[in-house]
Every structure is written in structure tokens, then in C-alpha cells.
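Asker: need the 3D shape of this:
(2 chains)
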Amino acid sequence: MAESYTVEHGHAEQGHPALQHHFENMEQQREAATLGMWVFLVTEIMFFGGMFLAYTLYRSEYPAAFASASNHLDLKLGAINTVVLILSSFTMAMAVYSTQVGKRRNQIISLVLTLLLGVTFLGIKAVEYHEKYVDNLIPGRLIPGRPFDASGVHLLPGALKQNVEMFYWIYFAMTGMHAVHMIIGIGLISVILFFTARGRYGPEYYNPVEVSGLYWHFVDIVWIFLFPLLYLLGRHLEH
Amino acid sequence: MKAMETFVAPTPARINYLNATYGLKSWLLTRDHKRIALLYLGSISFFFFIGGLYAMFIRLELLTPQGDLLQSTTYNKVFTQHGIIMVFFFLIPSIPATLGNFLVPMMIGAKDLAFPRINLLSWYIYILGGIVTIYALLAGGIDTGWTFYTPFSTTFSNSYVVAAGLGIFINGFSSILTGLNFIVTIHTMRAPGMTWFRMPLFIWAHYATSLVMILGTPVIAITILLLAFERLAHIGIFDPAAGGDPVLFQHLFWFYSHPAVYIMVLPGMGVISELIANFSRKNIFGYSFVAFSSLAIAVFGFLVWGHHLFVASQSVYAGMIFSFLSFAVAIPSAIKVFNWTATLYKASISYDTPMLYALGFIGLFTIGGMTGLFLAALAVDVHLSDTYFIVAHFHYIMVGGTLLAYLGGLHYWWPKITGRMYPEGWGRFSALVIFVGFNLTFLPQFVLGYMGMPRRYHVYPAEFQVLHVLSSAGASILGIGLLIPLFYLIWSMRYGKIAAANPWNLPGLEWQTASPPPTENFELTPIVTWEAYEFAPAEETEIVGKFHGEKVGQA
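Answerer: All right, here's what the predicted structure looks like:
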């Protein structure tokens, strides 16, 4: 073994108040935070992957039932929600950019807009869920006294009611899990907004804003996959 | 190898991570990876003894061919709970959460893991998952087998499936967070000079383990969630009566649970690589092969889950591919075994307690791995499926592999963790007792399974009794062997001989700081200029002190 050398800590010269004790410098801290969020998003992909697998399997097994059930979803609201989410991703990207260049006012405006768009998405989603509730399309016996009833769904030839129920279960599982992630994202951005207002982030220290942005874009991308899979498939069979 | 007398602990009143702060709060709110490792050590030991208690009931019941101690339903619960506790609350966190947590930052020269608060959070998540699971056990237990197969678990079982599932679901996040923390730490926090190929093989093994943790665990999380909803709301994604497919559950379950075997055994292989190289005082044979075989196991491990479904209506062609891939995954494991053995060749081997565990590991893991090939062969598996052959096979990997590696590692790093030596004589004695007890327990089970004794039954034909009695006798020896370290390790924390900073005289970074280490691990960030397992001639190491305090040069 060769001789052992040692160096002094780099704290003294790079003493940014946000630097945690176990990192050598801000660069290392930022790298760790970003990589950490990417790794976390990988786990999220695997988490949603289980449901995408179930969707793929049953969609290929029961295409007629899935198309019938899909046609009963509210395409207009789903499309509006898609636009809302893409816009929110844009405002989130603007928030990260304004932090990096140190424009606090733009940063606050972008974050507030992102929050508003996120809440709008959830509001529209709630309207859609309510429509399903009124139509007795909540699968299984989740709602006491309102068991699933597919009589309102126009069945294409070959579609079975129990498979329509399975579509709605997958629909609620996937969009519900997506909505849970939206709520967490709104919580995250609220915290970021709070600390932005107190001036914590700037060109030197912006990784919390950046990783929250990564998370928000991920949730957005999940919806970009959900919308065509759940709302658009088999539309042409109806008309 | 004799403990080095030249290095004595610098000063008796030295501040280290154990005595830096006092009080319950300083432990429950700590962000120090070393203290969190000790929190994990205490809690996984607790779960290990609960799991062991269930094992004791199983072996007691199987002493006689009649069911005279437990009823069938109770027996179902006992083996299920043994499996759930041991797999999810002991084996999976065992080495990564304790030794890994303690050593990953130290071995790469970092002050802590990248996310200390997330590390503490992972322990609280583990405890919460444990409490929920214990609630399920106390409320009435669960009887589905640790595999939760549908539709029994969703429709027919009258036990606390949802509560136990929730406990495992919660616990999974602790595993994900640990894996995430390790990956980021290994990528971004290595000390200057600690290149990828200077990292100890323990780190490579933990890196591979972390990959499996972050890729596999989310899948079991969503699977259990879907299962719980199906049971609660009578929605049929797995229920054939509602057009669902119970085999989908098995695919999703084993997509995690087969790689989970590698979560359990890969860190053990990392420990064994350390022990073999260091107690042979030789550079490991084929460093890069051992390092990359860990990654190969992590990758191939995700492609073999179908061998659990050979008799579950899976297509024969899929079965052939899975069979081939299962044979292929034996190659990287064999590479490790051959390289360890080659390292021993012409080495100066010392038979301290950790090395006894390491040598035991190589033998038992080889038996466990080879019998795995029997099960990977399509035709043979039809005969051996769901028999005691499988029980014996995976206990050779889990107990003969992971548990021995865990105990070996615990002894090896005990002086670093506690600053005290364990009693060597007792250590060697209990290692031998465990080895004998283990083999007596599980060797007869191979024969039992081959003769057709099915698993998960508590009533059996009288001709199987001799082998069952042998197995139960072995289990009691194994149990006693496991209790001895519990007592002497606790004893040694107070009365053991004070350990030197580097009692084994090794080049690894964790030995270049005091025992026990200070809170920040290294008072000065080390610069690494040597390869892993680079042993200098004995006379030179004694002259060049490798204490962090003795600055040899200033960079």
C-alpha cells in the first residue's frame, strides 16, 4: 500500500449556508440531489409499470370491452386536462430557468401559475370522477349502495360487462395513482414557493427547484401516456 | 492473524460517534449513518428472533407424523409468518441496512451517505412497516404463504391479508430509499483517488444490490396494492371469475421476489469477497471479474422469474427460455466461487471467526447454487416443485449464504463498530456449532423432498419421520449456535478487549480511521493512492502508520 495523504475540508472557502456538512462543495451537493431524483423517478417508472403491464395484458385480451368502456370516458375533459398539464410543465421549466438566472419575480409568477394549473387539473379530474360516480361506473363495491353497473355503457359486439368493469378499475387505479402524485407535486411546489418568497434560492443554489421540476415533468409524462391509452383507443370503432 | 499490538487507541477519552452525544433523542433523531446502522441492527435482530420462534414451532410440529402440536390452520399461519418476517424484515435489510449503512460511506472515504435524513426516514418506514405487520400477526395472523398467491389471498383466505400486505408495502419504501441512497453516494461521494476500480468489492456488491432494490421493489409495491384493493373492493384483476388472470399475479410477484433473492445474497457475496481477500492477505483473484459478476447477477436476476411458474400454466416455450436464463445466472455466481477459491491458493490464511464463516459460506452457497440448477431444469422441476427439496435449496442460499455472511461480516467489523473485540474462542466455537446445526437441519430436507415430502404440510407418512427428527435436532443445535453470539457480542460491547484502529492490519479505508470512528468518519478527507486489497510486505506496514491523524503528506 502506498502512503496515505490527507487534505483539509473545502468548507472554509465555499461556505454557502445551504451546503450540508457531509458534502465537499455545492457542485457535489447539486449532483447528488439531481442523481437522487433521477433514481427515484426510475422507481416511479417501475411502480407505474406494473399497472401498464396489467393494462397491456387485458387490453389485448378484451379489446372490444376496453374500446366500449374507453368510448364512455369524457374525451373533451381529458383533452383539456392534457393541455393544462403541458402548460404547467412549461411554467415549471420557466420557474427553474428564472431561478438559475436569478429573477425572483418571474420565479414566483411561474410557480404560482404551475400551482394553479395543477389544481385546475385535479378539479377537472374530480368532475370526471363525479360523472363516473353518477353513472355507477365506480368498479367493485368501493361505494356502498352503488355497485358497478355497466348498463349505461354502449357495448361493442363481443364486449362483456365484467371486462368493462376491469377497464374502469384500471382507469381508476392509474389515474388515481397519477392524481396522488399530482397532489404530492402540488405540496412540493408549495414548499418551494414558500422558500422562494423568503429568497432561499438563486443562481448559486437552485437544486430543490430543479429536482421538484424533474418530478413535476415526470408526473406530466405519465399523463401523456395515460391519455391516449385510456381515452383514445378504439374511438374509431364507435363512429 | 494476530491483532496488531503496535496501534493502541490514541486516547481513552477520544470523541467518537458513540459518545459524541447522549440520550434517546440523540439516537432517534440522528442523521449519522453509523448510528442508523445500529438502530437497524437492533430492530432486525428483534425480527430475526420472532422469525426464529416461528421456525421453532414448525420444527417442533414436524417431529411426529401426526399433527399434534398445531392445527392445520395454525400451522399455515406459522410457516407464512416465519417466511414474511424472515424475508421482508430480516434477510432483505440484513446486510445492506446494517453493515452497508455503516460501511458504504466509510469504505469510499465519505463523511455520510448522500441523503442522511432520507436514511433516517428509511429506518422509521421500516419500523412502521414492522408495527403494521406485527399488528397483523397479533390480530389473527395470515395464512397465505409468504407468496400471497391469488385467488386464495384475495377471495378465500380468512386471515389478515390486507394488514400484512400493507406492512410489506410500507417496508418496501425503506428498501427503495436505502438503495437510492447507496447509488447516489457511490456515484457522487467517493474520496479523491477512489476510482471505480479501486472500490472494495463490498461496494460493488452493494451497488448491484441497490440496482435490484430500486428496480424491483416498486413492482411488488404496486402488486400488493392491487391485491389489497381486489380483496377489499371485490374488483377482479387477478380473479378468474371476473375475467382476471391469477398467473399475472405470479408474474408480477416473482418479477420482484426472484431478484429479491439477489438483494439478499449479493451483499453477502460482497462481505465474503472482503473476508476472503483480507484473511488470505492477498489481492482478490480476478478483481474485475468479481466486480462485474455482481452487476451481471443483478441484470440476469431480472430475467429468470419465470422458473417459479414452470408448473403454473406458463407456456412450455417461455419455460424453456426461462430455464436457459436460469442456468445462465449460475455463471456469474460460479465466477465468484472460483475466484474466491483461487484467492485462497498459496495464501497465508488465518482462521479467525469471520474467515470460518466465509469458508462455510463458500461450501454452503455452492450446494445451494448447484441444487438451484436442478430446479432450473424443466423436467426435474416438475418432480421437485413444492417439495422440501425447494425448502432445503433456498435455505442453503438464505441461511447458509446470507446469514453466514452477515454473521461473518458482523464479527469482522465488530471492532470498528463498537471499538471492542469479540471473544475469539467463543466466536470460532459458535461458528462451528452453527455450521453443524445448519447442515443437520437442511441436508435431510433435500432427501425428504426428493422422496416426495411436500412443503407446507404438517401431517406426513410415518416413513419420513427419521429425516424430520434429524432436521428438528439440527434446528435446535442451529438455534443454540445463534444464541451464543447474541450473548457474547452484547457482553463484548462492555467487557471486550479494546480494539485498535486497524486490528486486522488491512489497507481498506474503513480501517484507516479510529475504532469506533468519529462522527465525520475521517477527520481529514483521505486521498486514495492504493488499490483495494493492496497488501504491503508486513515489515513496511508496521513502519508506515496509516492513521488519519498522522499526516504523511499534504496535498
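
Asker: show me where chain A has helices.
Answerer: Read by DSSP state H, chain A holds these helices, from start to end of the chain: A:26-61, A:63-71, A:75-101, A:104-134, A:161-197, A:207-227, A:235-238.

Asker: what does the last one rub up against?
Answerer: Contact partners of helix A:235-238, identified using CB atoms under 8 Å, 6 or more residues apart in numbering or on different chains, comprise A:67, A:70-71, A:75, A:154, A:156. Quick note: C-beta positions are derived from backbone N, CA and C, even for glycine.

Asker: dump stretch A:211-222 to CSV, restricted to CA.
Answerer: This file holds the C-alpha atoms of stretch A:211-222, laid out as CSV (Å, rounded to 0.1, in the frame of the first residue of the first chain):
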residue,chain,number,x,y,z
VAL,A,211,-35.4,18.4,-8.7
SER,A,212,-39.0,19.4,-8.0
GLY,A,213,-39.3,20.4,-11.6
LEU,A,214,-37.9,16.9,-12.6
TYR,A,215,-40.6,15.3,-10.5
TRP,A,216,-43.3,17.5,-12.0
HIS,A,217,-42.3,16.7,-15.6
PHE,A,218,-42.3,13.0,-14.7
VAL,A,219,-45.9,13.2,-13.5
ASP,A,220,-46.8,15.1,-16.6
ILE,A,221,-45.2,12.5,-18.8
VAL,A,222,-47.2,9.7,-17.1
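
Asker: contacts for it?
Answerer: Defining contact as CB under 8 Å, 6+ apart, one finds that stretch A:211-222 is touched by A:33-34, A:36-38, A:40-41, A:44, A:48, A:85-86, A:88-89, A:92-93, A:95-96, A:114, A:178, A:181-182, A:185, A:188-189, A:192.

Asker: mind listing what A:Glu210 touches?
Answerer: By CB under 8 Å, 6+ apart, the neighbours of A:Glu210 are A:30, A:33-34, A:96, A:99.

Asker: and B:Val311, by the same measure?
Answerer: B:381-382, B:385-386.

Asker: out of the residues you listed, grab the one that's most surrounded.
Answerer: Using other CB atoms under 10 Å in any protein chain shown as the neighbour definition, those reach their maximum at B:Asp381, which records 20 neighbours.

Asker: ok, back up a step: ok, and of the contacts of stretch A:211-222, which contact chain B?
Answerer: With CB under 8 Å from any CB of the partner chain as the criterion, the subset of those in contact with chain B comprises A:36, A:40, A:44, A:48.

Asker: the last one and A:Met174 touch, don't they?
Answerer: What that stands for is A:Phe48. Yes - with contact defined as CB atoms under 8 Å, A:Phe48 reaches A:Met174; the gap is 7.4 Å.

Asker: chain neighbours aside, what residue packs nearest to B:Gly368?
Answerer: What sits nearest to B:Gly368 in space, not counting adjacent residues and going by CB to CB, 6 or more residues apart in numbering or on different chains, is B:Tyr396, at 3.1 Å.

Asker: packing partners of the helix or strand hosting that neighbour?
Answerer: Counting by DSSP states H and E, the element that carries B:Tyr396 is helix B:388-397. The criterion is 3 or more CB pairs under 8 Å, 6 or more residues apart in numbering or on different chains; DSSP states H and E, and the helices and strands that helix B:388-397 contacts are helix B:246-280, helix B:353-376, helix B:424-451.

Asker: quick one: low-confidence parts of chain A?
Answerer: A:1-14, A:238-239 (pLDDT under 70).

Asker: to clarify, my last question referred to chain B.
Answerer: B:1-13, B:536-555.

Asker: and the strands in it?
Answerer: B:525-527 (DSSP state E).

Asker: for the stretch 351-500 of chain B, which residue gets nearest to chain A?
Answerer: Residue nearest to chain A within the stretch 351-500 of chain B: B:Ala500 (16.4 Å; CB to the nearest CB).

Asker: that residue: neighbouring residues, count only.
Answerer: Residues near B:Ala500, counting by other CB under 10 Å, number 21.

Asker: so what's the backbone phi/psi at it?
Answerer: phi -80, psi 170 (degrees, to the nearest 10).

Asker: how much space is there between it and B:Thr98?
Answerer: 22 Å (CB to CB, to the nearest Å).

Asker: now B:Gly172
Answerer: Per CB to CB, B:Gly172 is found 18 Å from B:Thr98.

Asker: the residue nearest to A:Asn163 when sequence neighbours are not counted - how many residues pack around it?
Answerer: The shortest distance from A:Asn163 to any residue other than its chain neighbours is 3.5 Å, reached at A:Ala65 (CB to CB, 6+ apart). Applying other CB under 10 Å, we find 27 other residues in the vicinity of A:Ala65.

Asker: swap in A:Arg235?
Answerer: Residues contacting A:Arg235 under the criterion other CB under 10 Å number 13.

Asker: now it: how far from chain B?
Answerer: 23 Å (CB to the nearest CB, to the nearest Å).

Asker: quick one: contacts for B:Gln314?
Answerer: Contacts of B:Gln314 (CB under 8 Å, 6+ apart): B:247, B:306, B:322.

Asker: no no, A:Ala65
Answerer: When contacts are counted by CB under 8 Å, 6+ apart, A:Ala65 is found next to A:155-156, A:158-161, A:163-164, A:166-167.

Asker: and the residues you listed, which is closest to chain B?
Answerer: Lowest distance from chain B to these (CB to the nearest CB) belongs to A:Asn163, with 5.1 Å.

Asker: list the contacts for that closest one?
Answerer: Residues touching A:Asn163, when contacts are defined by CB under 8 Å, 6+ apart, comprise A:58, A:62, A:65-66, B:243.

Asker: pick the most buried one from the helices of chain A.
Answerer: helix A:63-71 (a mean of 23; mean count of other CB atoms under 10 Å in any protein chain shown).

Asker: okay, it in CSV with CA atoms only?
Answerer: What follows is helix A:63-71, C-alpha atoms only, in CSV (Å, rounded to 0.1, in the frame of the first residue of the first chain):
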residue,chain,number,x,y,z
PRO,A,63,-60.2,-5.3,-27.0
ALA,A,64,-63.9,-4.9,-27.6
ALA,A,65,-64.8,-4.3,-23.9
PHE,A,66,-61.9,-2.0,-23.4
ALA,A,67,-62.9,0.1,-26.5
SER,A,68,-66.5,0.3,-25.3
ALA,A,69,-65.5,1.4,-21.9
SER,A,70,-63.0,3.8,-23.2
ASN,A,71,-65.5,5.4,-25.5
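
Asker: can you give me how far it is from the chain middle?
Answerer: Chain-centre distance of helix A:63-71: 25 Å, with CA atoms, centre = their mean, to the nearest Å.

Asker: measure how that helix sits relative to helix A:26-61, angle-wise.
Answerer: 120 degrees (axes from the mean of the first three to the mean of the last three CA atoms, to 10 degrees).

Asker: returning to what we had before: now the contacts of B:Gln314 as TSV including neighbour count?
Answerer: Below are the contacts of B:Gln314 laid out as TSV (neighbours: other CB atoms under 10 Å in any protein chain shown):
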residue	neighbour count
B:Val247	16
B:Gly306	23
B:Phe322	21
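
Asker: tell me the one among those residues nearest to chain A.
Answerer: The shortest distance between chain A and any of the contacts of B:Gln314, using CB to the nearest CB, involves B:Val247 and amounts to 10.0 Å.

Asker: so who does that closest one touch?
Answerer: B:Val247 makes contact with B:309, B:312-314, according to CB under 8 Å, 6+ apart.

Asker: ditto for B:Ile331
Answerer: B:Ala296.
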